[in-house]
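Q: Everything below, folded, please.
(4 chains)
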There are 2 protein chains.
Amino acid sequence: MQKIGLKTAEIEKKTHLDFFNIAISVDCVIFGYENKKLKVLLIKSDLKEFEGLWSLLGDLVRPDEDMEEAPYRVLRERTGLQNVFLEQVHTFGRLNRHPSGRVITTAYYSLVDTKSHAIQLTENELHWHNINDIEKLAFDHKLILNTCLNRLREQVMEHPIVFNLLSEKFSLRELQDLYEAILGVELDRRNFRKRIMLKNWLVDLNEMEEDVPHRPGKLYKLRSQLKKNNRPNVDRLMSL
Amino acid sequence: MQKIGLKTAEIEKKTHLDFFNIAISVDCVIFGYENKKLKVLLIKSDLKEFEGLWSLLGDLVRPDEDMEEAPYRVLRERTGLQNVFLEQVHTFGRLNRHPSGRVITTAYYSLVDTKSHAIQLTENELHWHNINDIEKLAFDHKLILNTCLNRLREQVMEHPIVFNLLSEKFSLRELQDLYEAILGVELDRRNFRKRIMLKNWLVDLNEMEEDVPHRPGKLYKLRSQLKKNNRPNVDRLMSL
DNA sequence: GCAAAAGTGTTTCACATACACCCATGC
DNA sequence: GCATGGGTGTATGTGAAACACTTTTGC
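A: Numbers count the residues shown, from 1 in each chain, chains lettered A, B, ... in the order given. The predicted model follows:
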C-alpha cells in the first residue's frame, strides 16, 4: 500500500481513468420451453468467486456497436441463433455487483424455440434449467432473471410473443400449456380458448395433430402479419 | 492521419483504452404540472453541436455510486429536490448518440410538484416546457422523452403515481385535469370519478376548496399507505 | 370399451361507456 | 339571477370467470 499524500502522476492518472472506467455489458435471459416447463439457458460461471454457480449469457458492449446490437451478437456467438425475439428490460448498476470491477449491465430477455436445429450447445457449458428449480446464480443474475420473468409475465397476454417459444404449428392445448408454464397458474380450457381466439392472433391451418394417443387437435399458426421482427424502429419513435 | 501498419505502443494503448472507454450517464425526464399542462424540465445545451437546443438533465454515473443513486443526485444537485419519485425506463446506446464520445445513457422519469418551494431554478438555464410544444431536443433526447412519456401513460391508471405532481390536497376536478393533460384525451367526469373511487386510493378530507369563484369542491389526499417512497427494494426482489 | 384429451355454451359478475339534470357558491 | 363548475345515477355492452357434458381417436 502507498502512503497517502504521495500522489504521483501515476495515481492521478489512475484516478482519472477510474472515473471513466465503468464497463457496460449486456446479459441475456434466454427463455425456452420444453416438456411443459419454462426453461432458461445458463452457462457455468468461469469466475473463481462464483465457482460452481450458473450465470446468464452476457458480454461487454463493444465500442463499435450499437448497444441494441450487443445482445443479438451474444446470442449469435454463443448459440448460433439469429433473428430471435429480444427485448430490453432493465439496467442494473449496483456498486460491487461484479467482483472484478465496476460493470453496469443491461438485461434483455429472449424467447427461442428450443427445438430449433440452429441452436448449438456445443461448448457443453450451456444448459437449459427449469425456471422453478433455480436457487442461486452468479452475480446479481437471480435478480435479473426475476425481473425479466416478471416482465415476460406482464407482456404475455398483451402481445403475441409466446409463439417464439413454439414450433410454427401448434395445438391450442400446447399453447395453453405454455401459458400455464409461464404464468405459473392453471387456466380454464374453455375460457382460454375464447380469450385467445378473441385476440385474432391465430390462423386455423385445417390440419390435425398426428401420432397422438388420443383424439387429435386442430393445428394453428401465428397470423403472419404479427411475426414482425422485434428490432426497435427508431425512426418511428423519433417522429412521435 | 497515421499510416496503417505503424502501430505504436501509443496506438495500442489507445485502442485498448477505447474498448473500456464507454461512459455511462443517466438522463432525467422530470415531469411537472401547471396550468392544466404537463411540463418537462429542460436545460439549455452547453454543447456547440446543439447550440440553441434544450436537453434533459443528466450526468455521468460516478465510479463510487450505485447507478440507481445517480438520478437522485442529479435532481438534488440541479433542482434541490429530494425524495422525489423516480423510475428507470430504458437505456439508450446508439453509436454516435453523443458527439463527444461513446456515451450510453439510462433514462429515468421523475414526477415532481412544481409548486414545491425546494425547487431551485436559480441557474436560470432551467425552464419548464409544455410537453406539446417540444419540437427538437439535443442528442436523442426527444426519443428519450417520448419513451418516458409513453411509459408514464402506461403507468398512470395502474399505479397511484400522479399524486407526486400535485399538492397534498386536491379536488377531483384537479385530478381529472391532470389525467387529461397526461393522457392527452378528455374524460367523462362521472365515469372518471367512479373509476378513481373504485381504486380506493383517496381519502376524503372533509374539507372544501376555498377562494374559488364557483361552488367549491371537496378535497382529497392520497391514502398514506400508498405514499411509499419509490426506491427499489432489492432484498424483496432477491428473495422471489 | 376404455383412456385421454378435444371441443363446445350459458350464466353471472365486474367494469367501461354513454349520457343529462339539479346544486352550491361568488359575483 | 346568472355564470361556473360540483355532484350524482341509470342503462347498455363487453369481457372475465365459473362450470360439465359429448365427441373423437388410439389402443
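
Q: what separates the nearest residue to A:Ser171 once chain neighbours are set aside from A:Thr114, distance-wise?
A: The spatial neighbour of A:Ser171 that comes closest, neighbours along the chain excluded (C-beta to C-beta, 6 or more residues apart in numbering or on different chains), is A:Gly217 at 3.8 Å. Where C-beta positions appear, they are placed from N, C-alpha and C, glycine not excepted. Here the distance between A:Gly217 and A:Thr114 works out to 21 Å (C-beta to C-beta, to the nearest Å).

Q: Between the two, which is the more surrounded one?
A: More crowded of A:Gly217 and A:Thr114, by other C-beta atoms under 10 Å in any protein chain shown: A:Thr114, with 18 against 14.

Q: that's a helix at that one, yeah?
A: No - remark: A:Thr114 does not belong to a helix; assigned using DSSP: H, G, I helix; E, B strand; the rest coil, it is coil.

Q: A:Gly32 is in contact with that one, correct?
A: Yes - counting by C-beta atoms under 8 Å, A:Gly32 is a contact partner of A:Thr114 at 3.9 Å.

Q: between the two, what contacts are shared?
A: A:39, A:128, A:165 (C-beta atoms under 8 Å, 6 or more residues apart in numbering or on different chains).

Q: I'd like the distance from the helix or strand A:Tyr109 falls within to the chain centre, please.
A: When elements are defined using DSSP states H and E, A:Tyr109 is found to belong to strand A:103-111. Chain-centre distance of strand A:103-111: 8 Å, with C-alpha atoms, centre = their mean, to the nearest Å.

Q: Tabulate the CA atom coordinates of it in PDB.
A: Output in PDB follows, covering the C-alpha atoms of strand A:103-111 (Å, rounded to 0.1, in the frame of the first residue of the first chain):
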ATOM      1  CA  VAL A 103     -19.700  -3.200 -14.600                       C
ATOM      2  CA  ILE A 104     -23.100  -1.900 -15.300                       C
ATOM      3  CA  THR A 105     -25.300  -4.300 -17.200                       C
ATOM      4  CA  THR A 106     -28.400  -4.000 -19.300                       C
ATOM      5  CA  ALA A 107     -30.700  -7.000 -19.200                       C
ATOM      6  CA  TYR A 108     -32.600  -8.400 -22.200                       C
ATOM      7  CA  TYR A 109     -34.900 -11.300 -22.400                       C
ATOM      8  CA  SER A 110     -35.200 -13.500 -25.400                       C
ATOM      9  CA  LEU A 111     -37.700 -16.200 -26.400                       C
END
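
Q: Could you give the average pLDDT over that strand?
A: Here strand A:103-111 scores 98 as its mean pLDDT.

Q: Does the longest helix along chain A reach DNA strand D?
A: Ranked by number of residues, the top helix in chain A under DSSP state H is helix A:141-155. No - taking C-beta under 7 Å from any atom of the strand as the criterion, helix A:141-155 and DNA strand D are apart, separated by no less than 14.1 Å.

Q: who does that helix touch, helix- and strand-wise?
A: strand A:23-34, strand A:85-92, strand A:103-111, helix A:172-183, helix B:234-238 (3 or more C-beta pairs under 8 Å, 6 or more residues apart in numbering or on different chains; DSSP states H and E).

Q: Let's see the distance spanning stretch A:212-221 from one end to the other.
A: With C-alpha to C-alpha, to the nearest Å as the measure, the first residue of stretch A:212-221 is 19 Å from its last.

Q: so where's chain A uncertain?
A: Per-residue confidence of chain A (counting by pLDDT under 70) places the weak regions at A:1-20, A:122-124, A:228-240.

Q: now with 80?
A: Applying pLDDT under 80 to chain A flags residues A:1-20, A:117-124, A:228-240.

Q: can I see the domain layout of it?
A: In the assignment given by automatic domain parsing, the structural domains of chain A cover A:9-155, A:162-226.

Q: Would the last one count as contacting DNA strand C?
A: Yes - when contact is scored as C-beta under 7 Å from any atom of the strand, part of domain A:162-226 falls within range of DNA strand C: A:171-173, A:189-191, A:193-194, A:213-218.

Q: ok, now which ones touch the closest residue to DNA strand C within chain A?
A: Here chain A gets closest to DNA strand C at one residue, A:Arg173, 2.8 Å apart by C-beta to the nearest atom of the strand. Contacts were defined as C-beta under 8 Å, 6+ apart; by that measure A:Arg173 touches A:189, A:217.

Q: The same query, at a cut-off of 7 Å, please.
A: Shown here is A:Arg173, whose contacts under the criterion C-beta atoms under 7 Å, 6 or more residues apart in numbering or on different chains are A:Gly217.

Q: mind checking how far it is from chain B?
A: Look at A:Arg173 and chain B: by C-beta to the nearest C-beta, to the nearest Å, they are 29 Å apart.

Q: try A:Leu81
A: Using C-beta to the nearest C-beta, A:Leu81 is found at 21 Å from chain B.

Q: ok, for that residue, nearest residue in space, not its chain neighbours?
A: A:Leu75 (4.9 Å).

Q: what residues are up against that neighbour?
A: Taking C-beta under 7 Å, 6+ apart as the definition of contact, the neighbours of A:Leu75 are A:28, A:81, A:84, A:110.

Q: Based on its surroundings, how many neighbours for the residue in chain A positioned nearest to DNA strand D?
A: Closest approach of chain A to DNA strand D (C-beta to the nearest atom of the strand) occurs at A:Arg215, with a separation of 2.6 Å. With neighbours defined by other C-beta under 10 Å, the count for A:Arg215 comes to 7.

Q: To which secondary structure element type does it belong?
A: Classification of A:Arg215 by three-state DSSP places it in coil.

Q: ditto for the one 5 residues further on
A: A:Tyr220 carries the three-state label strand when classified by three-state DSSP.

Q: How about the contacts made by it?
A: Applying C-beta under 7 Å, 6+ apart, one finds that A:Tyr220 lies in contact with A:170, A:172, A:202-205.

Q: filter the residues you listed to the buried ones?
A: Listed as buried from those are A:170, A:172, A:202; burial here means 16 or more other C-beta atoms under 10 Å in any protein chain shown.

Q: could I get those as JSON lines with distance to B:Ala181?
A: Below are these laid out as JSON lines (distance: C-beta to C-beta, whole Å):
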{"residue": "A:Phe170", "distance to B:Ala181": "45"}
{"residue": "A:Leu172", "distance to B:Ala181": "44"}
{"residue": "A:Leu202", "distance to B:Ala181": "39"}
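
Q: follow-up on the earlier one: deepest in the core, which of the helices and strands packed on helix A:141-155 is it.
A: Sort the helices and strands packed on helix A:141-155 by mean neighbour count, taking mean count of other C-beta atoms under 10 Å in any protein chain shown, and strand A:103-111 sits at the top with a mean of 25.

Q: right, and the helix or strand after that one?
A: Counting by DSSP H and E, the next helix or strand C-terminal to strand A:103-111 is strand A:126-130.

Q: Run me through the strand neighbours of that next one, direction for each.
A: Applying DSSP bridges, strand A:126-130 is found paired with strand A:37-44 (antiparallel).

Q: So which bits of chain A are right by DNA strand C?
A: Counting by C-beta under 7 Å from any atom of the strand, the residues of chain A lying close to DNA strand C are A:171-173, A:189-191, A:193-194, A:213-218.

Q: which ones among the contacts of A:Tyr220 are found in strands?
A: Assigned to strands by DSSP state E, the following of the contacts of A:Tyr220 qualify: A:170, A:202-205.

Q: Compute the first-to-last residue distance for stretch A:115-135.
A: When the end residues of stretch A:115-135 are compared by C-alpha to C-alpha, they are separated by 26 Å.
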